[in-house]
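Peer 1: sequence below, structure please.
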Amino acid sequence: MNKEDIVFLDGPQSRWREFKFTLSTMWQLIKGFRALHFLGPCITVFGSARFKEDHPYYELTRKASAEFARLGFTIMTGGGPGLMEAANRGAKDVGGRSVGCNIELPHEQLPNPYLDKWVSMKHFFVRKVLLVKYSFAFVVMPGGFGTLDEFFEAMTLIQTRTIRNFPIIILGREFHQELIDHIVMMQRQTTIGVEDTHLFLVTDDIQEAVDLIREKSIREYGLGPKKTMQPFGWLFERK
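Peer 2: Residues are numbered from 1 along each chain as shown. From the prediction side, this is the model:
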């Protein structure tokens, strides 16, 4: 968290300071919209920045993302290292498009080398808006607090019908088993409904994930050929 965030979250500030923060946030959103406007349909992959190239989860993420990219989706991640890098790398392995929404942190997180395009954000909430806005499916790989934050954000948006019922796929059953058990416990305690436990798929089978995306994202929401949006030269837009 940078100094600007700490000041903003430290209760009410002067009207001028809060107005400047609002303008800064608005500019980050505009910058993100401009950078990502012509991506086409995406699949967003959430996952840890800490797993290295020799870890089995890195290889699983890379293989899965390659298969998703073969379906015609752009692979979107948080743009950093670890499983984010693996997802972007998998897209590049098969000639797919790869993008990232990088976050600026005190311990600098640089964009990974497998991105065709990226945009950097100062605030996590802006980043999450962009990771959700362009996606037809969400894939949750093993990760930490940030990954769970992104997973439950997507779940909440779908549960409350704020966005459409896009597939949410959790890859890595063993890693996530206690999380799934907790979700089942919440359902038993009636803090969520039975139908909410059907909002996601837990699997270790990449083909099962591909089949769900093909069924729910492509057939149900019509991923096929669409009218191509053209950039406006007078706005200095580029594909």
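Peer 1: please name the residues that touch the nearest residue to Asp196 once chain neighbours are set aside.
Peer 2: Nearest non-adjacent residue to Asp196, counting by CB to CB, 6 or more residues apart in numbering: Gln159, 5.7 Å away. For glycine as for every other residue, the C-beta is placed from the backbone atoms N, C-alpha and C. When the contact criterion is CB atoms under 8 Å, 6 or more residues apart in numbering, the partners of Gln159 are Ile192, Asp196, Leu199.
Peer 1: ok, the second one - contacts?
Peer 2: Residues in contact with Asp196, defined by CB under 8 Å, 6+ apart, are Met155, Gln159, Gln187.
Peer 1: of all these, which comes closest to Lys92?
Peer 2: For these, the residue nearest Lys92 by CB to CB is Met155; the value is 28.8 Å.
Peer 1: would you map the helices across this protein?
Peer 2: Under the criterion DSSP state H, helices of the chain are mapped to 3-8, 15-36, 56-70, 83-93, 124-133, 145-159, 173-188, 206-213.
Peer 1: can you check what angle separates the fifth one from helix 15-36?
Peer 2: I take that to be helix 124-133. 30 degrees (axes from the mean of the first three to the mean of the last three CA atoms, to 10 degrees).
Peer 1: ends of stretch 193-207, what's the gap?
Peer 2: Terminal residues of stretch 193-207 are spaced 28 Å apart (CA to CA, to the nearest Å).
Peer 1: let the chain start at 176 from now.
Peer 2: OK, 176 is where the count begins now, so the last one is stretch 368-382.
Peer 1: which parts of it are buried?
Peer 2: Asp371, Leu374, Phe375, Leu376, Val377, Thr378, Ile381 (16 or more other CB atoms under 10 Å).
Peer 1: mind checking how far that stretch is from the chain centre?
Peer 2: With CA atoms, centre = their mean, to the nearest Å as the basis, stretch 368-382 stands 17 Å off its chain's centre.
Peer 1: tell me the contacts of Phe221?
Peer 2: Going by CB under 8 Å, 6+ apart, Phe221 touches Thr252, Gly253, Leu306, Phe313, Val314, Val315, Met316, Gly318, Gly321, Thr322, Glu325, Phe326.
Peer 1: and the last one, how far is that from Thr366?
Peer 2: When CB to CB, to the nearest Å is applied, the distance between Phe326 and Thr366 equals 17 Å.
Peer 1: which of these two has more residues huddled nearby?
Peer 2: Neighbour comparison, Phe326 and Thr366: the larger count goes to Phe326, with 21 against 10 (by other CB atoms under 10 Å).
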